[in-house]
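> Below are the sequence and a predicted model; questions follow.
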Number of protein chains: 2
Amino acid sequence: MRISELGEFALIERFRRRIRTDSSVIKGSGDDCAVLKFDRARYQLFTCDMLVEGVDFYSQEDPFLVGRKSIAVSLSDIAACAGIPAHCLVSLGLPKKTSVSFTDKLFRGMLAMARRFNLNLVGGDLSSSPKLVIDVSMLGFVEKKYFISRGNARAGDVIFVSGTLGGSIFGRHLKFTPRVKEARYLVENFRINAMIDVSDGLAQDLGHILRQSSKGAVLFEDLLPFDIRAKGLDDLLYSGEDFELLFTASRPQAEKILRKSGRLFKPIGEIVGQGRGITLITTAGKERGIQPKGFRHF
Amino acid sequence: MRISELGEFALIERFRRRIRTDSSVIKGSGDDCAVLKFDRARYQLFTCDMLVEGVDFYSQEDPFLVGRKSIAVSLSDIAACAGIPAHCLVSLGLPKKTSVSFTDKLFRGMLAMARRFNLNLVGGDLSSSPKLVIDVSMLGFVEKKYFISRGNARAGDVIFVSGTLGGSIFGRHLKFTPRVKEARYLVENFRINAMIDVSDGLAQDLGHILRQSSKGAVLFEDLLPFDIRAKGLDDLLYSGEDFELLFTASRPQAEKILRKSGRLFKPIGEIVGQGRGITLITTAGKERGIQPKGFRHF
């Protein structure tokens, strides 16, 4: 059997079942970051993201933006755990015919993003490769009291996103700002129950929250924040790489969030009891079941 | 200009010059691992290694051994800093046509190596890719008092290796044992001045110690521990992936090492003052200059 028949998530689950970790690991695979013991007040966050030419970007794209994106996607994972980024390593697979000016621009993009978020680039590995591959591994910290997983959404919670959705493929995926500051603002001022970053599409990433929280969700089409580049509802629901925060908070907390920063965070629906999956209430007032599908590599 | 004209080390240096890190970084790029502040007694070690199909292994090789190697190379970097491995992440770029049984074997090889060294595999990233790419990022710890860099070799130090050299391409690079235990034994029982793992060939990796220590070296051909698979002196000096420890210690410490464990650690030469590069004393008693060259990706 080929992995494309098995599917990405079944393959990950197949790996995950065999892993055993010791008590220094608070959370292994299955969240945006691995969560590790650090000191009395904090956890360490550890995450990696691989970008491959022809899959996550194309060779004709501006190398500065590709370098920028390679750092930004891992920053978005740290943000999804409400963490503060600290250090990263960059593994770079480069075709032998790559020009020095290309690698200069790539590296400038990485450094620009690192500097903006006080991230130390502390080393890496260089290899030749038939196609450009960039893998960034990143460390961060989060106070224990602020750590938020995907698995704690509660019935009655309001579901929020930190910005518009859709249209990523039309340039946005190379230019997004990871929501590190927004996530810190949220945990420092409100009680957030569950959080993830939208990297594989709203439906699929909301699906992760629901499965890990054993809950369902109702979304309201009227409330969905369409990006001006979004090409309709399916683009908003199923295309990946929006890199906005998707989070839930109780109704009293949600009211506080709306009062204080309703311009930043948009309510789009509500968490409901288990077994209902995702239901969309359309503009016409009809109920429509939404599959938790989205971008998959296989 | 292409990167192949500039060369691997000039390209790394070009990147390195632009990097600024804060005071939480004890050592950034330029050693086997990045060295980060951790707690009062220990540093955290952070390293990554990328393996690419067709460069670091071939598609017909046993996937169990490829998986094993992907973890072992980073363990070897932790060993070179005398560290204790703790956690790793695996980024995997897989061709869509990969079979499930191939990925099962690959993963079993990774887990076997992780288990042997009490390493937690805490997550990763999965991507489609035209060729198989594996990037492993790893965390470890080392007591401050035990940390050894590449840059502290002293004139008069004896140069040691932890095993035989050469012949790596004839299968050894897929089956080596990272010298984690040997490195710990060394720092817990002796004072070691400089250490590195031989990943790009003896001459090149000794060259790193010499450049960073501002020293030269004399090697004795008679003392070089040829692997039974080694194809002559050039193979021993210049081919990569032996993954043995290369280290230096003062003469009194060296005598202690030889007395206690001369079967494990072989003396091969001596550190001398700056400006002499590497000199080989041949079996015939002649002096021969050795270029610090070895495996390079570009």
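Happy to help now that I have it. Predicted model, so just to flag it, every value in this text is computed and none were measured.

> Which strand or helix spans the closest residue to chain B within the stretch 151-298 of chain A?
Chain B sits closest to A:H297 of the stretch 151-298 of chain A, with a gap of 4.3 Å, by CB to the nearest CB. Every residue, glycine included, has its C-beta placed from N, CA and C. For A:H297, there is no helix or strand it lies in under DSSP states H and E.

> Got the confidence number for A:I148?
Predicted confidence (pLDDT) for A:I148: 94.

> swap in the one 3 residues further on?
Residue-level confidence at A:G151 comes out at 94, pLDDT.

> Give me the number of neighbouring residues for it.
Other residues near A:G151 number 18, with proximity taken as other CB atoms under 10 Å in any protein chain shown.

> Flag every residue of the stretch 151-298 of chain A that's near chain B.
By the rule CB under 8 Å from any CB of the partner chain, the part of the stretch 151-298 of chain A lying against chain B is A:297-298.

> Swap in 10 Å and give it another go.
Proximity of the stretch 151-298 of chain A to chain B, by CB under 10 Å from any CB of the partner chain, involves residues A:296-298.

> Can you tell me how far A:V25 is from chain B?
5 Å (CB to the nearest CB, to the nearest Å).

> Skipping its backbone neighbours, what lies nearest that residue in space?
B:N120 (5.1 Å; CB to CB, 6 or more residues apart in numbering or on different chains).

> quick one on the thing from earlier: just confirm the residue of the stretch 151-298 of chain A closest to chain B contacts A:L6, I think it does.
No - using CB atoms under 10 Å, A:H297 makes no contact with A:L6, being 11.8 Å away.

> Of those two, give the one with the bigger neighbour count.
Just comparing A:H297 and A:L6: by other CB under 10 Å the higher neighbour count belongs to A:H297, 21 against 16.

> list the contacts for the more buried one?
Taking CB atoms under 10 Å, 6 or more residues apart in numbering or on different chains, we find A:H297 in contact with A:3-4, A:7-8, A:11, A:52, A:55-56, A:200, B:92-94, B:96, B:125-129.

> middle-most residue in chain A, spatially?
For chain A, the residue nearest the mean C-alpha position is A:D197 (2.8 Å; CA atoms, centre = their mean).

> Disregarding flanking residues, what is the spatial nearest neighbour of that one?
Per CB to CB, 6+ apart, closest to A:D197 is A:A80, 4.1 Å.

> Same check on A:Y146?
The shortest distance from A:Y146 to any non-neighbouring residue, by CB to CB, 6+ apart, is to A:V187 (4.1 Å).

> Quick check: mean pLDDT of the strand or helix carrying that neighbour?
Per DSSP H and E, A:V187 falls inside helix A:180-189. In this model, helix A:180-189 has an average pLDDT of 98.

> who's in contact with the residue nearest to the centre of chain A?
With contacts defined as CB under 10 Å, 6+ apart, the neighbours of A:D197 are A:32, A:73, A:75-81, A:162, A:178-179, A:183, A:205, A:241-247.

> Let me know the pLDDT of the residue lying closest to A:D222 once chain neighbours are set aside.
Among residues not flanking A:D222 along the chain, A:T283 sits closest, at 5.7 Å (CB to CB, 6+ apart). pLDDT for A:T283: 96.

> ok, now the one 3 residues further on?
Per-residue pLDDT puts A:K286 at 97.

> That one touches A:F220, doesn't it?
No - assessed by CB under 10 Å, A:K286 is found out of contact with A:F220, at 11.8 Å.

> Overlap in contacts, the two.
Listed as contacting both A:K286 and A:F220 by CB under 10 Å, 6+ apart are A:L280.

> what about those two, which has more around it?
Neighbour tally, A:K286 and A:F220, criterion other CB under 10 Å: the higher count belongs to A:F220, 16 against 9.

> coming back round to it: narrow the contacts of A:D197 to those in strands?
The strands, defined by DSSP state E, take in A:245-247 from the contacts of A:D197.

> Which parts of chain A are helices?
Assigned by DSSP state H, chain A shows helices spanning A:3-6, A:8-16, A:63-80, A:100-116, A:180-189, A:202-213, A:232-238, A:251-261.

> just these: most buried one?
Of all these, helix A:63-80 has the most neighbours on average by mean count of other CB atoms under 10 Å in any protein chain shown, namely a mean of 26.

> other SSEs contacting that helix?
Secondary-structure packing of helix A:63-80 (3 or more CB pairs under 10 Å, 6 or more residues apart in numbering or on different chains; DSSP states H and E): strand A:42-52, strand A:84-94, helix A:100-116, strand A:133-143, helix A:180-189, strand A:194-197, strand A:245-249, strand B:120-128.

> Mind checking those for the one nearest to B:S168?
For those, proximity to B:S168 was assessed by CB to CB; strand A:84-94 is nearest, at 20.8 Å.

> if you skip the residues just before and after it, what's nearest to A:K131?
Using CB to CB, 6+ apart and skipping the chain neighbours, the partner closest in space to A:K131 is A:E53 (4.4 Å).

> Now for the one you found: which residues touch it?
A:59, A:61, A:66, A:93, A:95, A:129-134, B:129-130.

> Now do the residue in chain A sticking out farthest from the centre against A:P130, distance only.
The centre of chain A is farthest from one residue, A:K97, which by CA atoms, centre = their mean lies 32.8 Å away. Between A:K97 and A:P130 the computed distance is 10 Å (CB to CB, to the nearest Å).

> same deal with A:K96?
In terms of CB to CB, A:K96 sits 9 Å off from A:P130.

> cool, and A:G289?
Using CB to CB, we find A:G289 at a distance of 43 Å from A:P130.

> Who has more neighbours out of those two?
Neighbours per residue (other CB under 10 Å) separate A:G289 from A:P130, with A:P130 holding more: 17 against 9.

> For A:R150, the count of nearby residues, please.
24.

> Tell me which residues touch it, please.
For A:R150, the contact set (CB under 10 Å, 6+ apart) comprises A:27, A:30-32, A:80-81, A:194-196, A:205, A:208-213, A:246-248.
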